[in-house]
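>>> Mind folding the following:
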Amino acid sequence: MKTNTFKIGAALLAVAISVCCTQARAQTATTVTTTRGAFTEFVPGSETLVVRTDAPTPVRYVVTKQTTFVDETGTPVLVNQIAPGSPLSVQYTTTGDRLVASRIVVQHAPVVERSTTTTTTTRPLTHDEKEQAKEQIEKRKDALDKAKDKLDDDDDD
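Numbers count the residues shown, from 1 in each chain. You can find the predicted model right below:
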């Protein structure tokens, strides 16, 4: 009778262990998906990151405290420093109908140089304006010469 009790106990223990191990394996199996797109906006109140992709509508990702924002080199980036239209890739998992972002890598976008043109209309200086300009130039030269002399005197000490 004792042998049967031990066999039944051992069988129950084996079943319990296999059930626990199956549940543990099922809980750790998560799929991380990566999507590329362009940053559209971050909605702080709802912790939602909106990304424009090839899909007809923008994709919304949930951002948590565990979500990391980095650039291509791995340097942390603040979400408020990401310019709209910046290319990025989002690593996320699906929880129910929510896309939860775990890592967001901001790509370095090419710098668009902007140029401005300023048009200035000039006229010839009058005789008095020329004389004033010459006086100002002479005063500046004198001030520079005095400063140079003082530096030379200090170096001699």
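>>> Point out where the protein drops to low pLDDT.
The chain contains residues with pLDDT under 70 at 1-29, 109-121, 157.
>>> Got the phi and psi for residue 75?
phi -70, psi 130 (degrees, to the nearest 10).
>>> got it, and residue 96?
Per degrees, to the nearest 10, the backbone of residue 96 is at phi 70, psi -120.
>>> From residue 68, how far off is it?
Going from residue 96 to residue 68 by CB to CB, to the nearest Å gives 22 Å. Bear in mind the C-beta positions are built from the backbone N, C-alpha and C, glycine included.
>>> Who has more neighbours out of those two?
residue 68 (13 against 6; other CB atoms under 10 Å).
>>> ok so the more buried one is a strand residue?
Yes. When DSSP: H, G, I helix; E, B strand; the rest coil is applied, residue 68 is found to be in a strand.
>>> now it, which residues is it bridged with?
residue 103 (DSSP bridges).
>>> if I look at it, how far off is residue 132?
Taking CB to CB, one finds residue 68 at 62 Å from residue 132.
>>> And residue 70, by the same measure?
For residue 70 relative to residue 132 (CB to CB), the value is 58 Å.
>>> And for residue 101?
For residue 101, the distance to residue 132 - CB to CB - is 64 Å.
>>> swap in residue 48?
In terms of CB to CB, residue 48 sits 63 Å off from residue 132.
>>> what about these two, which has more around it?
Shown here are residue 48 and residue 132; by other CB under 10 Å, residue 48 has more neighbours (16 against 12).
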